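Visitor: Take a look and give me a structure for this.
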Amino acid sequence: MSSPPAGLVQKLFQYIDLHQDEFVQMLKEWVAVESDSVQPVPRLRRELLRMTALAAAALRRLGARVDLVDSGAQQLPDGQTLPEPPIILAELGAAPQKPTVCFYGHLDVQPAARADGWLTDPYTLTEVDGKLYGRGATDNKGPVLAWINAVSAFRALEEDLPVNVKFVLEGMEEAGSVALEELVKREKDGFFSTVDYIVISDSLWLSQRPALTYGMRGNSYFTVEVKCRDQDFHSGTFGGILHEPMADLVALLGSLTDSSGRILVPGIYDHVAPVTEEERELYAATDLDLGEYRASAQVKDFLFDTKEEILMHLWRYPSLSIHGVEGAFDEPGMKTVIPGRVTGKFSIRLVPAMKPPVVERQVKQHLQRIFSERNSSNQMSVSMVLGLCPWIASVDDSQYLAAKRAMEAVFGAEPDMIRDGSTIPVAQVFQDVLQKSVLMLPLGAVDDGEHSQNEKINRRNYIEGSKVFAVFFLEMAQLHGKRQDLPA
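Guide: Have a look, this model is predicted:
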């Protein structure tokens with residue numbers, strides 16, 4: 001297949017390089033908005049609305065038609081309601097001979113404060129040694145702007161945009177994307193009816209080498225409550241004559257995995273898809289230095305010794321993590337109480353072809369059996385509060401080929417084909433509801449620290465990522481087979 005015209009590609013690259021400080025300035029303006037969707041307070045909700053308006057204005061400057069779709073209100077436990085930010089649906093171009101590529105991104109962020117351990121103000125984009133520090137820089141404001149930058153380069157150069165572009169930008173991703181699935185279903189025969197391909201850029205490379213992501217794990221999140229009574233006990237008065245809820249809970253949580261991390265819930269591995277030879281080849285080809293990876297994680301050792309074992313247990317085998325306990329004393333100092341009621345929290349990352357309802361039944365049966373064996377007089381209840389399916393794509397899809405060629409053109413290296421152990425539910429929603437190919441095209445480096453202190457995106461990844469998207473448009477037009485040769 002022929003490559004895009006070299007003259008046009010060079011013009012696009014030069015434009016993006018010359019205007020990179022403007023692109024960084026725009027990212028600075030976006031990072032300055034404290035668009036935290038996790039903490040449901042009026043001030044932060046107003047910031048979310050401001051962030052939505054800022055993004056909508058940027059899209060309108062490109063010439064896009066922008067609709068702000070009302071997503072309702074959030075009901076809080078105290079009866080208060082807060083408006084949810086509208087979801088942006090925008091479109092640019094409707095030429096029937098061109099492919100239509102839809103980009104999904106989010107404008108909200110996780111909470112952040114200087115007191116949490118940030119070295120800089122999290123809402124002031126600060127550049128140090130080519131690294132742009134700020135909350136949302138990599139998750140997900142930088143990648144959203146990189147897509148906008150790519151479109152703006154074509155516009156500024158008065159070059160024909162080789163694809164029709166649509167945007168879906170939301171402001172509640174970090175809070176569960178509460179209204180998005182309903183909107184996708186409602187607009188299946190409307191806004192999404194002309195979409196050919198969907199692109200998400202909300203994950204990270206595995207190493208310093210560029211990567212394309214073709215799979216994400218799902219997630220089943222559980223709570224298990226053990227209750228004797230609502231009030232705590234004095235351990236001197238009642239210790240030794242009760243079935244203590246905390247002891248029951250510790251036994252329940254301890255029954256979930258062994259010391260090597262293997263999940264002990266019967267049947268949990270029955271529906272895990274078998275490893276294929278094609279997968280094994282991808283693991284072998286993936287760039288991962290275990291020593292560097294271990295050092296960056298700041299741990300003494302991992303459970304497994306080889307690159308292939310590490311990758312398979314991160315990507316294609318389920319894992320169970322215990323997250324915390326409610327109701328237990330966790331402050332400094334000594335307090336000799338017996339909690340009357342405690343709740344443990346744990347999750348299982350799901351992989352193809354595991355299903356949340358099946359996992360829910362298996363977990364409940366296992367914990368009920370363990371609890372009954374203790375002959376405790378306490379009450380035990382288990383709930384699955386979240387059940388998200390895993391997602392996997394075909395690396396042979398045309399947009400993966402286009403993205404691979406774009407990465408090679410910009411970074412000069414063939415990207416790794418990787419999965420991700422995390423969960424992005426919207427990928428599976430798009431794939432199931434719309435029956436369209438979904439591409440995960442990450443721009444973030446392995447050390448960007450999304451959700452953590454000192455989140456950043458490298459200037460190189462942000463600017464070169466803008467070039468990747470620009471070349472991707474050209475490659476998609478050629479692969480889709482609906483476009484004439486572009487002028488040099």
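Visitor: Spatially central residue for this structure, please.
Guide: residue 424 (4.5 Å; C-alpha atoms, centre = their mean).
Visitor: So what does the closest residue to that one other than its chain neighbours look like in phi/psi?
Guide: Spatial nearest neighbour of residue 424, excluding adjacent residues (C-beta to C-beta, 6 or more residues apart in numbering): residue 216 at 5.3 Å. All C-beta spots, glycine's among them, are computed from the backbone N, C-alpha and C. According to degrees, to the nearest 10, the main-chain angles of residue 216 amount to phi -130, psi 140.
Visitor: could you give me the average pLDDT of stretch 360-375?
Guide: For stretch 360-375, mean pLDDT is 98.
Visitor: Over to residue 90. Which of the three states is it?
Guide: strand (DSSP: H, G, I helix; E, B strand; the rest coil).
Visitor: all helices in the chain, in order from the N-terminus.
Guide: 6-18, 20-31, 42-61, 142-156, 180-186, 235-238, 245-254, 277-285, 290-297, 307-315, 356-373, 398-411, 425-434, 459-480 (DSSP state H).
Visitor: what's the closest of the ones you listed to residue 126?
Guide: Residue 126 lies closest to helix 20-31 among these, at 9.0 Å (C-beta to C-beta).
Visitor: Pull out the buried residues from the closest one.
Guide: Neighbour-count burial for helix 20-31 flags 20, 23, 24, 26, 27, 28, 30, 31 (criterion: 16 or more other C-beta atoms under 10 Å).
Visitor: Please apply the same query to stretch 3-20.
Guide: Buried residues in stretch 3-20 (16+ other C-beta under 10 Å): 4, 8, 9, 11, 12, 13, 15, 16, 19, 20.
Visitor: Tell me how far the residue nearest to the centre of the chain lies from residue 456.
Guide: Between residue 424 and residue 456 the computed distance is 20 Å (C-beta to C-beta, to the nearest Å).
Visitor: ok, what's across the strand from the residue lying closest to residue 357 once chain neighbours are set aside?
Guide: Distance criterion C-beta to C-beta, 6+ apart; nearest residue to residue 357, sequence neighbours excluded, is residue 387 at 7.1 Å. Counting by DSSP bridges, residue 387 is bridged to residue 220.
Visitor: List the contacts of residue 387.
Guide: Counting by C-beta atoms under 8 Å, 6 or more residues apart in numbering, residue 387 touches 218, 219, 220, 221, 356, 357, 359, 360.
Visitor: what's the burial count for the third one?
Guide: When you say that, I think you mean residue 220. When counting by other C-beta atoms under 10 Å, one arrives at 26 neighbours for residue 220.
Visitor: got it, and residue 472?
Guide: Residues near residue 472, counting by other C-beta under 10 Å: 27.
Visitor: so it makes contact with residue 402?
Guide: Yes - Residue 472 is within contact range of residue 402, at 5.7 Å (criterion: C-beta atoms under 8 Å).
Visitor: Find residues that contact each of those two.
Guide: With C-beta under 8 Å, 6+ apart as the test, residue 472 and residue 402 reach no residue in common.
Visitor: Now residue 201: closest residue in space that isn't a chain neighbour?
Guide: residue 143 (3.8 Å).
Visitor: My guess is that neighbour contacts residue 468. True?
Guide: No - Residue 143 is not in contact with residue 468 according to C-beta under 8 Å; the separation is 10.3 Å.
Visitor: Look up how far residue 446 lies from residue 87.
Guide: Applying C-beta to C-beta to residue 87 and residue 446 gives a distance of 30 Å.
Visitor: The chain - how does it break down into domains?
Guide: 6-216+391-480, 218-273+316-388 (automatic domain parsing).
Visitor: Can I get the helices of the chain in TSV including distance to residue 70?
Guide: Formatted as TSV, those follow (distance: least, C-beta to C-beta, whole Å):
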stretch	distance to residue 70
helix 6-18	35
helix 20-31	23
helix 42-61	11
helix 142-156	21
helix 180-186	10
helix 235-238	53
helix 245-254	42
helix 277-285	43
helix 290-297	42
helix 307-315	38
helix 356-373	29
helix 398-411	31
helix 425-434	19
helix 459-480	29
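Visitor: Just tell me which of these ends up closest to residue 324.
Guide: helix 245-254 (10.3 Å).
Visitor: what's the angle between the closest one and helix 356-373?
Guide: 130 degrees (axes from the mean of the first three to the mean of the last three C-alpha atoms, to 10 degrees).
Visitor: Buried residues, stretch 253-261. List them.
Guide: 253, 255, 256, 257.
Visitor: Just the CA trace of that stretch, in CSV.
Guide: Backbone C-alpha positions of stretch 253-261 (Å, rounded to 0.1, in the frame of the first residue of the first chain) are rendered in CSV as follows:
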residue,chain,number,x,y,z
LEU,A,253,-10.8,-12.3,52.6
GLY,A,254,-7.9,-14.7,53.3
SER,A,255,-9.8,-17.5,51.5
LEU,A,256,-9.8,-15.7,48.2
THR,A,257,-6.2,-16.2,47.1
ASP,A,258,-3.1,-18.2,47.9
SER,A,259,0.4,-16.8,48.5
SER,A,260,1.2,-16.9,44.8
GLY,A,261,-1.8,-14.8,43.9
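Visitor: which residues are in contact with that stretch?
Guide: For stretch 253-261, using C-beta under 8 Å, 6+ apart, the contacting residues are 224, 263-265, 303, 313, 319-320, 322, 344, 346, 366-367, 370.
Visitor: Likewise for stretch 263-270?
Guide: With C-beta under 8 Å, 6+ apart as the criterion, stretch 263-270 contacts 255-258, 318-320, 348, 359, 362-363, 365-366.
Visitor: now stretch 108-127
Guide: 24, 27-28, 31-39, 48, 51, 85, 128, 132-137, 139, 141, 170-175, 450-451, 453-455, 459.
Visitor: now stretch 52-59
Guide: By C-beta under 8 Å, 6+ apart, stretch 52-59 touches 26, 29-30, 33, 66, 68, 85-86, 88, 90, 92, 107, 144-145, 148, 167, 169, 171.
Visitor: For residue 173, see how far away the residue lying closest to residue 469 once chain neighbours are set aside is.
Guide: Of all residues not flanking residue 469 in the chain, residue 150 sits nearest, at 3.6 Å (C-beta to C-beta, 6+ apart). Distance, residue 150 to residue 173, by C-beta to C-beta: 21 Å.
Visitor: who touches both of residue 143 and residue 468?
Guide: Going by C-beta under 8 Å, 6+ apart, residues that sit against residue 143 and also against residue 468 are residue 443.
Visitor: the more surrounded of those two?
Guide: Here residue 143 and residue 468 are set side by side on neighbour count (other C-beta under 10 Å), and the busier one is residue 143, at 29 against 24.
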